[in-house]
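1. Sequence unavailable; structure follows:
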């Protein structure tokens, strides 16, 4: 009855508006009368019977019958989107509020696996009311882009393996473990200021990511967060001190912290020992911590009492034996005077930067053996004399000698070994008897066996470094060779056993003679050849092959084959003539001891013509082998190489006298035939 009365009054009011009347009066039950003019009324409608229902015309409210989504009530006022029959949906708009059985609930969650495997779903709108996105919510979905609203907590594997290409992470968002793991198409990620955390393996294997800036609000980047993101240049708007970085967090192309590292702050991941002279030694890594990048401090405060100078690194402190498999970058300050034996031994992916080369810096045996690279930084003022063409040095004031080559050119040599200590700078210009000459070359044998010479800066006027010029300079640790040098003659740096050479050029533009760098620790070319390695069908990329290759000789471009996993071998084994490791191509010349031992799946092997040796027990117990042809360049087949290959016929393209064969090499084989 009341509903009918209300409708009658409303209808009457509407009709009255149609007449030429200026006013309408409404009398309420409490006797109050309210006057309205026609201009006051915008719309008259028939509403629900409950006049105080403020949500009836709220555009953010969607009735459950008007959406394909399914919901679960989780409290008196909230609901979550649950899994349902969504496989045919290509787009979804999640409402802020939903009306279920006449009651309105705020939609605050997207439930576990709600849209998992929805491969047709390419677009989703997530409202600001969402507080949590559940585990695997969009796992392996077809989503192309998503905007995560502010303050959302994203749970485990929420977008795992999806087709995302674009993501916006808003302020306050907390990314859980493996959020975007395996999103291989993901190219564009924007992380807004105020975002909090990047969970364990959060962007693991997002190989299409190329550029990403992480704001200073993110102070935790968990283990493997950007693992296997090989094309990513990552910029972190913070200092390394202020970000908690987990184990192997960065598998990126580059990682840059925009703010300076505070070298007076002790790295909490390291252990320190105060020595009797009141200096500090970096002794080890805190138990169970694995490092990726590290900048060793020059001073530390211990137990909050006083600062100590950090002057040494203990033997084996960061060696592979200490399980620092993921250490990729370390900076060593100028305060360090001693780097202990095997301090960084076996850290194969490690780039080391040492702030300077001082006479009293002691680098003990094998300190950097097996590291990827070591770079010494010389005081920048040393470069000015070498690279500033306006500076002229008087020959009489220099410990170096100069030989006149032409009317305006000279070569340089060592005239007094007693005056050559520590670092030297070869000047670009020298004045002899009032005439200015350009220094064009380093004379042959000029510094041979000079003691105490630790580093050399060569000027940009020099084009040639002569034969034997620095041979057996055992104290020499760093030489900077400018791009002007295009010819390094034979034996120039031979047997400089502690030397790291840095060449400001590409490898193809610097010609070298035999044994030019033989016996040096490392040669680093700072520039890449402008042209990519041309396609060669005989070249196999090491990372794409089941065979385990390694660099045998970086200077003669040879590679070997190490021990392999038998489970990865197929019936036909084709050993390539050439292999690309990183950005270089090497000739495959040797097969190591036990390289394919017990690989019973192998039935045939194709050896390349580049091969020269087959190691001990290389194919021992490969009972599936039936026939191999060993090429003529193979001159060494070591003991037991084909032992117990019971079904194997061996053909050797050589004479018996030309091949050194170890005992038991072919014992148990069906036959061995020499073609010559």
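-> Looks like it came in fine. What you are looking at is a predicted structure, and each value in this text was computed from that prediction instead of being measured.
2. got the residue ranges for the helices in the chain?
-> Secondary structure of the chain (DSSP state H): helices at 2-17, 381-387.
3. Output the below-cut-off pLDDT ranges for the stretch 301-450 of the chain.
-> 302-306, 321-326, 355-360, 375-390, 418-422 (pLDDT under 70).
4. What ranges does it have for its strands?
-> Secondary structure of the stretch 301-450 of the chain (DSSP state E, counting those that start in this stretch): strands located at 306-313, 329-332, 338-339, 351-354, 362-363, 373-376, 393-394, 400-404, 409-414, 422-425, 429-432, 435-442.
5. contacting residues around the nearest residue to residue 270 once chain neighbours are set aside?
-> Of all residues not flanking residue 270 in the chain, residue 282 sits nearest, at 5.8 Å (Cβ to Cβ, 6 or more residues apart in numbering). From N, CA and C alone the C-beta is placed, and that goes for glycine too. Residues near residue 282 by Cβ atoms under 8 Å, 6 or more residues apart in numbering: 270-272, 296, 310, 312-314, 317.
6. Show me the contact partners of stretch 661-673.
-> 616, 637-652.
7. Mind giving me the PyMOL select for those residues, buried ones only?
-> Selection of buried members from the contacts of stretch 661-673 for PyMOL, criterion 16 or more other Cβ atoms under 10 Å:
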select buried, resi 616+637+638+639+640+641+642+643+644+645+648+650+652
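8. Which ones among the contacts of stretch 661-673 map onto strands?
-> In strands, defined here by DSSP state E, the members of these are 637, 649-652.
9. Widest-spaced pair of the residues you listed?
-> 637 and 649 (15.3 Å; Cβ to Cβ).
10. lowest average confidence, helix or strand, in the protein?
-> helix 2-17 (a mean of 44; mean pLDDT, DSSP states H and E).
11. Please report the distance of residue 269 from residue 235.
-> Using Cβ to Cβ, to the nearest Å, one gets 22 Å for the distance from residue 269 to residue 235.
12. and what of residue 308?
-> Note on residue 308: its distance to residue 235, by Cβ to Cβ, is 33 Å.
13. just residue 424 next, same as before
-> Here residue 424 is placed at a distance of 38 Å from residue 235 (Cβ to Cβ).
14. The two: who's more crowded?
-> The residue with more neighbours, out of residue 424 and residue 235, is residue 424; 21 against 15, by other Cβ atoms under 10 Å.
15. my read: that one touches residue 398, true?
-> No. Counting by Cβ atoms under 8 Å, residue 424 stays clear of residue 398, with 9.4 Å between them.
16. Could you pull up the contacting residues of the residue nearest the centre of the chain?
-> What sits nearest the mean C-alpha location of the chain, by Cα atoms, centre = their mean, is residue 252, with 2.5 Å. Contacts of residue 252 were listed using Cβ under 8 Å, 6+ apart, and they are 226, 229-230, 232-234.
17. again, only using 6 Å
-> 226, 229, 232, 234 (Cβ atoms under 6 Å, 6 or more residues apart in numbering).
18. With adjacent residues omitted, what lies nearest to residue 676?
-> Nearest to residue 676 is residue 655, by Cβ to Cβ, 6+ apart, at 4.1 Å.
19. Also residue 144?
-> residue 122 (4.9 Å).
20. Would you check how far apart that neighbour and residue 615 are?
-> Distance of residue 122 to residue 615, computed by Cβ to Cβ: 54 Å.
21. In terms of neighbours, single out the busier of those two.
-> Regarding residue 122 and residue 615, a neighbour count based on other Cβ under 10 Å identifies residue 615 as having more, with 23 against 16.
22. what's near enough to touch that one?
-> 591-593, 638.
23. Just give the closest residue to it, not the sequence neighbours.
-> Nearest non-adjacent residue to residue 615, counting by Cβ to Cβ, 6+ apart: residue 593, 4.1 Å away.
24. Name the surrounding residues that touch stretch 623-637.
-> With contact meaning Cβ under 6 Å, 6+ apart, stretch 623-637 is reached by 600, 602-603, 605, 607, 609, 611-614, 645-654, 659-661, 665.
25. isn't residue 273 right up against residue 279?
-> No. At 9.8 Å, residue 273 does not count as touching residue 279 under the criterion of Cβ atoms under 6 Å.
26. Could you report the pLDDT at residue 94?
-> Looking at residue 94, its pLDDT reads 95.
27. Sorry, slip of the keys, the one I care about is residue 506.
-> Model confidence at residue 506, expressed as pLDDT, equals 80.
28. Please report the distance of it from residue 456.
-> Applying Cβ to Cβ to residue 506 and residue 456 gives a distance of 21 Å.
29. cool, residue 568 as well?
-> For residue 568, the distance to residue 456 equals 47 Å [Cβ to Cβ].
30. What of residue 130?
-> Applying Cβ to Cβ to residue 130 and residue 456 gives a distance of 63 Å.
31. and what of residue 328?
-> In terms of Cβ to Cβ, residue 328 sits 28 Å off from residue 456.
32. Tell me which of those two has more neighbours.
-> Each of residue 328 and residue 456 has its neighbours counted (other Cβ under 10 Å); residue 456 has more, 28 against 20.
33. Grab the nearest non-local neighbour of the more buried one.
-> Closest to residue 456 by Cβ to Cβ, 6+ apart is residue 479, at 4.8 Å.
34. And for the one you found, the neighbour number?
-> Based on other Cβ under 10 Å, the number of other residues close to residue 479 is 24.
35. thinking again about what came up before, include pLDDT and distance to residue 447 when you put the contacts of residue 615 into JSON lines, please.
-> Formatted as JSON lines, the contacts of residue 615 follow (pLDDT from 0 to 100; distance: Cβ to Cβ, whole Å):
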{"residue": "591", "pLDDT": "92", "distance to residue 447": "40"}
{"residue": "592", "pLDDT": "89", "distance to residue 447": "38"}
{"residue": "593", "pLDDT": "88", "distance to residue 447": "40"}
{"residue": "638", "pLDDT": "90", "distance to residue 447": "41"}
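36. of the residues you listed, closest to residue 550?
-> For the contacts of residue 615, the residue nearest residue 550 by Cβ to Cβ is residue 592; the value is 8.4 Å.
37. And the nearest residue to that closest one once chain neighbours are set aside, how far from residue 638?
-> Distance criterion Cβ to Cβ, 6+ apart; nearest residue to residue 592, sequence neighbours excluded, is residue 615 at 4.7 Å. Here the criterion is Cβ to Cβ. By it, residue 615 lies 5 Å from residue 638.
38. Now stretch 609-623: buried residues?
-> Residues of stretch 609-623 classed as buried by neighbour count (16+ other Cβ under 10 Å): 610-623.
39. Please work out the average pLDDT along it.
-> Taken as a whole, stretch 609-623 has a mean pLDDT of 90.
40. pLDDT below threshold where in the stretch 501-650 of the chain?
-> Scanning the stretch 501-650 of the chain for pLDDT under 70 picks out the ranges 526, 528-538, 554-555.
41. Walking through it, point out its strands one by one.
-> In the stretch 501-650 of the chain, the strands defined using DSSP E, counting those that start in this stretch lie at 511-512, 522-525, 539-541, 549-553, 558-561, 572-574, 578-581, 584-591, 604-606, 613-614, 627-630, 636-637, 649-652.
42. Next, format the ones you listed as a markdown table and append distance to residue 411.
-> Listed next are those as a markdown table, based on distance: least, Cβ to Cβ, whole Å:
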| stretch | distance to residue 411 |
| --- | --- |
| strand 511-512 | 18 |
| strand 522-525 | 23 |
| strand 539-541 | 41 |
| strand 549-553 | 31 |
| strand 558-561 | 34 |
| strand 572-574 | 51 |
| strand 578-581 | 38 |
| strand 584-591 | 32 |
| strand 604-606 | 52 |
| strand 613-614 | 42 |
| strand 627-630 | 50 |
| strand 636-637 | 44 |
| strand 649-652 | 52 |
